[in-house]
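S.K.: When you get a sec, could you give me coordinates for this:
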Amino acid sequence: MLKGTKLYSIFTGSCPVCHGESMYEENNPYKLNKIFKMRERCSHCSTKYKIEPSFFYGAMYVSYGLGVAFAVAAFIVSYVFFGGGLMTSFIAIVGTLIIFMPVIMRLSRNIWINIFMSYDKEKVN
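M.R.: Purely as a prediction, here's the structure:
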């Protein structure tokens, strides 16, 4: 349904050009020893993922924004919906950021590469 959109590539971690395969060697972000292991190229369309050396350093800025979004969501849930105090909300924010750290890191990389690459119908096999 979403295939062919940037959202599909961002949420699935698939190639931003053809959506043919995952960019990562391991799909599970919670296998921490392989969290940054990416394929060099897509086997379907030969897209090179690391456009230049240190390309994904820019994903740190996206990661900061995602971290703030997750922290705000944790605060709203703990403080507004559950009626916790400030200390409870602080613990909820820290816990949320620790638990979702691998997901935030992967999402930030996916968003960053999708800023620079677009889906190409001609490269789909």
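S.K.: what sits against residue 82?
M.R.: By Cβ atoms under 8 Å, 6 or more residues apart in numbering, the residues touching residue 82 are residue 88. C-beta: built from backbone N, CA, C; applies to glycine.
S.K.: same question, residue 67
M.R.: By Cβ under 8 Å, 6+ apart, the contact list for residue 67 reads 97, 104.
S.K.: Go again with 6 Å.
M.R.: residue 104 (Cβ atoms under 6 Å, 6 or more residues apart in numbering).
S.K.: do the same with residue 117
M.R.: Per Cβ under 6 Å, 6+ apart, neighbours of residue 117: 16, 17.
S.K.: got a pLDDT number for it?
M.R.: Note for residue 117: predicted pLDDT of 89.
S.K.: Might you list the low-confidence residue ranges for the protein?
M.R.: 1, 125 (pLDDT under 70).
S.K.: how about the helices in it?
M.R.: With helices called from DSSP state H, the chain shows them at 6-12, 59-75, 86-99, 101-116.
S.K.: Quick one: list the elements packing against the third one.
M.R.: Read that as helix 86-99. Counting contacts by 3 or more Cβ pairs under 6 Å, 6 or more residues apart in numbering; DSSP states H and E, helix 86-99 packs against helix 59-75.
S.K.: how far out from the middle of the chain is the helix it packs on?
M.R.: Relative to its chain's centre, helix 59-75 lies at 11 Å (Cα atoms, centre = their mean, to the nearest Å).
S.K.: and the angle for it with helix 101-116?
M.R.: Between helix 59-75 and helix 101-116, the angle comes out at 130 degrees (axes from the mean of the first three to the mean of the last three Cα atoms, to 10 degrees).
S.K.: what comes up buried for helix 59-75?
M.R.: Across helix 59-75, burial judged by 16 or more other Cβ atoms under 10 Å covers 59, 62, 63, 66, 67, 70, 71, 74, 75.
S.K.: contacting residues around the first one?
M.R.: I take that to be residue 59. 108, 109, 112.
S.K.: Redo the residues you listed as JSON lines? Include distance to residue 42.
M.R.: Shown next, in JSON lines, are the contacts of residue 59 (distance: Cβ to Cβ, whole Å):
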{"residue": "108", "distance to residue 42": "20"}
{"residue": "109", "distance to residue 42": "15"}
{"residue": "112", "distance to residue 42": "17"}
